[in-house]
Every structure is written in structure tokens, then in C-alpha cells.
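Enquirer: Fold the stuff below for me.
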Amino acid sequence: MDFHLLWFLLLGVLLGGYAVLDGFDLGVGILHPFLAKTDAERRIFMNAIGPTWDGNEVWLITFGGALFAAFPDAYATLFSGFYLALMAVLFALILRAVSLEFRSKLQGGFWRSFWDFLFFLGSFLAAVLLGVAGGNVLMGIPIGRNWEFTGNFLTLLRPFPILTGLLTAALLALHGAAFLQLKTAGELRSRINRAARKIYWVFLVLFLAALAWGYMKAPYLKSNFQKYPWAWAVVGAAVLVLLWHYRCLLKEKAGRAFLGSTILTLGAIFLFAFGLFPNILISSTDPAWNMTIYNASSSLQTLKTMAVIAGIGMPVVLIYTAFIYWIFRGKVQLEETSY
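Expert: Residues are numbered from 1 along each chain as shown. Prediction:
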């Protein structure tokens, strides 16, 4: 077994799990000030993700820990080069968490409006910044001798990463709208559905633009499609899911729409990982300084040991996650202890 490849795939699973689960949390925050018109509706939005949002963030923490253990050199270069950006993501996630906990502590209109704005701002910034980081990794970053990042924060603000940042925000808003339709009813649900149809077209335009740009300019995406032509079947399936998802929105099939947005989110993670493979970080300075799953990994024995631990731990996490969502299934009901 190729344990280097195994851990590349497991990192993809962790990143996909975070994108799907915390993705709709961020999407709910992005939609919050635009679709929730009354205080009760704003509380419904927050309580839709209230029981699970903090647990969903564990997937991102686990991804960082797994990256550190399996590919420590890549972890060091990534976190040193993206230090300011990652601190901004952390700050945005803290804003969202604090907003959820503090909003309902007082009844005042200004107090709640203030935290509502921070809830939106934290969610939107986190989505955009994570997308910008992904776009930079896909396009390549300035890595020099000894795998040292030679750029700065402004280096990361290039057109393609900004496009992927906006694409990420649109995708998560679409995903969040699908999730909210599962948790709401009546006029609020219809309003969310109408908004989702508009967001769909924004996402579609951004997705096609990013796919075309990435195929032409991302260093390894085009060559990997040529090397592994079966991947075109994944793109074809994504197109079919895109069409099916919009049909579900038109027919107001909430469960199917959520399944569609979940598949689209996982498809985006697949394209991201596929565009990198076999690299973890691509050097825009010199391909000789690319960090691959082989030259930036821990020892083989470490990867084997981690695989055993993951084989025991990940099924437990999946079962626990499924159990929590089963317990909190159904429409949101506001209670005295709700947010």
C-alpha cells in the first residue's frame, strides 16, 4: 500500500468533511442579514446550526493536525507563508462563534444588530479567505530554496485566488440555503428557495470562469486531466448534478437540493486535490521546489502508525457525527434556551 497516497486521500476526506459540514454553517451566516427579516427568523437561522457548528469546526482542526503529522515540511511552509491569512480566518471564525453566543444575551435592537453584522462578517470573511488560500495553493506560491516562502501577504491577493474566494462564498451560500430549507417552513422557506435560485446562477458563472481559468493556468490541472482522462467523467457528473440541483430548487425538493449542494461541494474539493496531485504545495518560483506527497512526508513508519489510528478513530467520528445530526433532525423550534 502507498501510505503517502493514502494520507493525501485522507487529507482530502477531512477537508471535504469540513467543507460540507461547516460549509453550510458559513453559508447560513452569509445569508443571515439578507433573508432573515425579523428577530424570530434571525434566531431560526442561528438555531439551525446551533447544535452542530462547533463540532463541525473540528474537521478543520483535524485536517491541520493530520497535515502536520503526515507532511510536516508542507505544514511548516504553508503556515509560515499564510500566517496572516490564517490568523484572519481564525479571527473570522471567532467572530462567528462569539456572535452566536452573545447575540441573545440582551434584548436591545442595537445590541442584536451589532452581533448579527459580525455573524455575517465572520462567516463571509472565513469563506472568502479559505477560498483565496485554496486558489493560491492551486496556482502555486513563491517557494524558494529550503522550501521557504519568499512572498508576503499581498502576494496572495492575485486575481485567480480572489475569484476562487468569491466562488467559495457563492458555493457555501448555495449550500447554506439548501440546508436552511431543511430546517425551515412556510414563507421563510419559500423566500430562501427563491434566493437559492438566484445564488445558483452567480455560482454557475463563477464556477465556469474558475474552471476555465484553472484549466488553462493552473500548473498541473491540465496535465493531470491529460494523464488521467477518467477525471473528465467527474466533470461530466458535476455538470449533471448542477442541472439536477437547479431542478430540485425549482420543485422545492429540499432534501434532494441539499444532497446536490453536498455533491457539488465535494466535487470542488476533488478538483482542488486533483489539480495539486502529486504535490501538496506548488512552487511558482521553480518546479524543483515543489513539495510532493513523497519528498515532504514523515517517515513511512509514522504514516503506517497514523493509518492504524485513523482506521480506529475516523469511523467513531463518523458514527458520532451521524448520531448528532439524527438527534437534531427536523425543523427548528424556538425555545427559551435557544440562541
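Enquirer: buried sites along the helix or strand that contains residue 198?
Expert: With secondary structure defined by DSSP states H and E, residue 198 is part of helix 186-217. Residues 188-189, 191-193, 195-196, 199-200, 202-203, 206-207, 210-211, 213-214 are the ones in helix 186-217 that count as buried (16 or more other Cβ atoms under 10 Å). From N, CA and C alone the C-beta is placed, and that goes for glycine too.
Enquirer: Pull the distance from stretch 152-170 to the chain's centre.
Expert: 14 Å (Cα atoms, centre = their mean, to the nearest Å).
Enquirer: could you give the mean pLDDT of that stretch?
Expert: Per-region confidence: stretch 152-170 scores 91 on mean pLDDT.
Enquirer: Next, the buried residues of it.
Expert: 156, 160-170.
Enquirer: Show me these that map onto helices.
Expert: Secondary structure assignment by DSSP state H places 160-170 of these in helices.
Enquirer: out of the residues you listed, who's nearest residue 60?
Expert: residue 168 (13.8 Å; Cβ to Cβ).
Enquirer: Would you mind confirming that the closest one makes contact with residue 126?
Expert: No: taking Cβ atoms under 8 Å as the definition, residue 168 is not a contact partner of residue 126, at 9.5 Å.
Enquirer: and the residue nearest to residue 280 when sequence neighbours are not counted, what helix or strand is that in?
Expert: Residue nearest to residue 280 in three dimensions, not counting chain neighbours: residue 74, with 4.2 Å by Cβ to Cβ, 6 or more residues apart in numbering. Using DSSP H and E, residue 74 maps to helix 72-81.
Enquirer: Quick one: residues in contact with that helix.
Expert: 64, 67-68, 86, 137, 141, 143, 147-149, 151, 280-281, 291, 295-296, 298 (Cβ atoms under 8 Å, 6 or more residues apart in numbering).
Enquirer: likewise stretch 190-197?
Expert: Contacts of stretch 190-197 (Cβ under 8 Å, 6+ apart): 31, 34-35, 174, 177-178, 180-181, 184, 246, 249-250, 252, 257.
Enquirer: do the same with stretch 91-99
Expert: Contacts of stretch 91-99 (Cβ under 8 Å, 6+ apart): 25-26, 29, 53-54, 57, 115-116, 118-119, 121-123, 125-126, 129.
Enquirer: Then stretch 4-19?
Expert: 56-57, 59-60, 62-63, 66-67, 70-71, 265-266, 268-270, 273, 277-278, 280, 293-294, 297, 303, 306-307, 310, 314.
Enquirer: among those, which ones are buried?
Expert: Burial by neighbour count, judged by 16+ other Cβ under 10 Å, picks out 56-57, 59-60, 62-63, 66-67, 70-71, 265-266, 268-270, 273, 277, 280, 293, 297, 303, 306, 310 from the contacts of stretch 4-19.
Enquirer: could the ones in helices among the buried residues of stretch 152-170 go into a markdown table alongside distance to residue 99?
Expert: Formatted as a markdown table, these follow (distance: Cβ to Cβ, whole Å):
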| residue | distance to residue 99 |
| --- | --- |
| 160 | 31 |
| 161 | 26 |
| 162 | 25 |
| 163 | 28 |
| 164 | 26 |
| 165 | 21 |
| 166 | 22 |
| 167 | 25 |
| 168 | 20 |
| 169 | 18 |
| 170 | 22 |
